[in-house]
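K.L.:
How does the following fold in three dimensions:
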Amino acid sequence: MSNMPPPYPGQEPYQGQGQQYPPVNPTPYGQPAGSQSPYGGAKPQHPQATTTLVLGIVSIVLVFMCCLPLGIAPWIMGSKAIKQVDANPGMYEGRGQLVAGKVMGIVSTVLFVVGIIVFVALFAWIIASPEFQEELDAALAPTYNAVTTVSS
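P.N.:
You can find the predicted model right below:
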């Protein structure tokens, strides 16, 4: 206490003035550095969190290259892993990555299905057009003439 100057006259000493604090131990209870704290330190990430997120991103990028299974995989994997994280909330982290991967899987699957519907509708519209029918008849005319000549 002798190393602290006295307060000025009329000034109240601030709280804690003159108290000695024990040295701060960066590793409590003699634990080696880098070990987990017994008071709820960082939880491990779910093993499928990164895989689900990467598959979700890849499925979005490759959605129109006939990669439907890539959209379904993160959707299913994410759903199962989210249920595991929700069942044991103190066991794993990474729920955000799982949800993001699952949502990207759903979006890519929906985009793929919409793309297939648009493709089929466009194909049907082209086949039903009168111009296509005229060109088809013109292209197949020699075949029709050959068949009718042989039959007669």
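
K.L.:
tell me the secondary structure for residue 113?
P.N.:
The three-state label given to residue 113 by DSSP: H, G, I helix; E, B strand; the rest coil is helix.

K.L.:
ok, it to residue 70 distance?
P.N.:
Distance, residue 113 to residue 70, using C-beta to C-beta, to the nearest Å: 14 Å. Using the backbone N, CA and C atoms, a C-beta is placed for each residue, glycine as well.

K.L.:
just residue 125 next, same as before
P.N.:
Using C-beta to C-beta, residue 125 is found at 29 Å from residue 70.

K.L.:
Comparing the two, which shows the higher neighbour count?
P.N.:
More neighbours surround residue 70 than the other of residue 125 and residue 70, with 24 against 10 (other C-beta atoms under 10 Å).

K.L.:
in this protein, what spans have low per-residue confidence?
P.N.:
Applying pLDDT under 70 to the chain flags residues 1-41, 66-68, 143-152.

K.L.:
can you give me the helices in it?
P.N.:
49-61, 68-87, 95-128, 130-151 (DSSP state H).

K.L.:
Which secondary structure elements does the shortest one sit against?
P.N.:
Just to be clear, that refers to helix 49-61. Other elements packing on helix 49-61 under the criterion 3 or more C-beta pairs under 8 Å, 6 or more residues apart in numbering; DSSP states H and E are helix 68-87, helix 95-128.

K.L.:
Tell me which residues are up against the first one.
P.N.:
Pointing back at helix 68-87 there. Helix 68-87 has contacts (C-beta atoms under 8 Å, 6 or more residues apart in numbering) with 46, 48-49, 51-53, 55-56, 58-59, 62-63, 91-92, 94-95, 98-99, 101-109, 111-112.

K.L.:
Which positions in that helix come out as buried?
P.N.:
Residues of helix 68-87 classed as buried: 68, 70, 71, 72, 73, 74, 75, 77, 78, 81, 82, 85 (neighbour count, 16 or more other C-beta atoms under 10 Å).

K.L.:
so which of these comes closest to residue 136?
P.N.:
The nearest member of the buried residues of helix 68-87 to residue 136, counting by C-beta to C-beta, is residue 68 at 31.3 Å.

K.L.:
my guess is residue 107 contacts residue 60, does it?
P.N.:
Yes. Counting by C-beta atoms under 8 Å, residue 60 is a contact partner of residue 107 at 6.5 Å.
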